Each structure stands twice: as C-alpha cells, then as structure tokens.
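S.K.: Got a predicted structure here, sequence first:
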Amino acid sequence: MLCQACFRPARALICEPCQHLMRPAPDRILSGGVRLMAAFEHSGPARALVHQLKYRGLTGYADLVAMMLAPSLPALPIVPVPRVWTRQLRYGLDPAVVLAESLGRSKGVPVIKSLVAPIYTRRRAGGDHSRPVAPFRIARMPASGFVLVDDVVTTGRTLEAAIGLLGPDRVALAVSANAAPPVSSLLAPTRDH
C-alpha cells in the first residue's frame, strides 16, 4: 500500500512520518456565531490528502476525517456545500458530498442535499479569494438544526455564504476536513502615525 499523501510505502492510508506532520485545526467562529470544527490544518500532508480527494477521487481521506470528527458531532442531519457542476463533472465527485456521506454513515444520520451550486464559476481554490463566492440556491430547506459540511475552509467565505442563505440560527455546526488557521487582527501590521 502507498501513503496517499507522499506515495511512499505505508501500512495504512497515511504513513507514520506524514501522520506526525498533520496538525489538528483549532475551532473558529464563522458569521452568525456558527462554530467551525475541522480535522486538520490545511498544510503539509493534510493539504496533499484533501487535494487527492478533490482532484484524483481518492476518498480514503474522507473516511479518516469522518472517523475523527463523528464522535464529536451532534446526531443531526448533514448538509453538504456543493461543488460547482462543471468541476463535479470534470473530477467525477463532489468532495463535500463524499465527506458528508462518510460522516452520515458514521453517525447514522441522513445527508440532505439542500444547496444547489451554479453550473460554472471561476475557480477560487488556491487562487484569488477576493472574487465573489458562487451563488448557491436552495433546493429544499432543511429543518432547523443541521451540520453544514465543506471539504476545505480557507477564508471561510463559501461556508459563510451558505450559512447566510440557510440562516445562521438554523445551522448547529459547520465541519470541514481541513481549515486554514484564521488570521488574527492582533498580528496584522500596524501603521505608525
């Protein structure tokens, strides 16, 4: 078996050296006071693993994330944040749906595909995050109290757009496989007057 992060021989999905490089992500608060819980920081082997999920269809990482996060999740329905249709067709899967389905199996809860992504939008992952987020629409409104799932959170704008559309009072928790650490305003450079 090969490590899905570095492709060296391994006894498991991820080799021991890569496991030691994966850092847990701290929780953070998104718009509307919704807490985001992620399995790992979006760096090193975790970044490579989510890339393998998104672009090569290697779904073992979603199962690992679900195994880690499921015990901490409430037993509520799960709503994935969908990938735009053109990328679903190009890469053959929607990573947030794969993660949501793995979490749903682990928790024994339903996955509700409430959001519909647009057919196409310019790529934001790894690119210019100042561009607007793809406009989602609601296929069916889930009952209050659900877990919102995305594969990667960098700026948080995609999840915040979904939370704004569905209503922050309805979202119990947001979850992702990877999350970039939030930037603290305390660390931002200051201007001398």
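M.R.: Alright, I've got the coordinates. Numbers count the residues shown, from 1 in each chain.

S.K.: all contacts plus neighbour counts: C-alpha atoms, from now on.
M.R.: Noted.

S.K.: what's across from residue 147 in the sheet?
M.R.: residue 78, residue 173 (DSSP bridges).

S.K.: Before we move on, what's the pLDDT of the spatially closest residue to residue 85 that is not a sequence neighbour?
M.R.: Take residue 85 and drop its neighbours on the chain: the residue closest to it by CA to CA, 6 or more residues apart in numbering is residue 119, 4.7 Å away. For residue 119, the model assigns a pLDDT of 78.

S.K.: any idea how far residue 119 is from residue 162?
M.R.: Distance, residue 119 to residue 162, using CA to CA, to the nearest Å: 16 Å.

S.K.: what does residue 58 give?
M.R.: 26 Å.

S.K.: what do you get for residue 155?
M.R.: From residue 155 to residue 162 the distance is 13 Å (CA to CA).

S.K.: which residues does the nearest residue to residue 144 once chain neighbours are set aside contact?
M.R.: Excluding the flanking residues, the one nearest residue 144 by CA to CA, 6+ apart is residue 170, at 4.4 Å. Neighbouring residues of residue 170 by CA atoms under 8 Å, 6 or more residues apart in numbering: 143, 144, 145, 146.

S.K.: how about the strands in this protein?
M.R.: All strands of the chain, identified by DSSP state E, fall at 28-29, 35-41, 78-80, 115-116, 137-138, 146-153, 171-179.

S.K.: out of the ones you listed, deepest packed?
M.R.: strand 78-80 (a mean of 27; mean count of other CA atoms under 10 Å).

S.K.: where does this protein dip in pLDDT?
M.R.: Along the chain, segments meeting pLDDT under 70 span 120-134, 183-193.

S.K.: how about the helices in it?
M.R.: 16-21, 44-56, 60-69, 85-91, 95-107, 157-166 (DSSP state H).

S.K.: which other residues reach the fifth one?
M.R.: In this case it means helix 95-107. 53-54, 59, 62-63, 65-67, 69-71, 73, 75, 77-83, 110-111, 149-151, 177.
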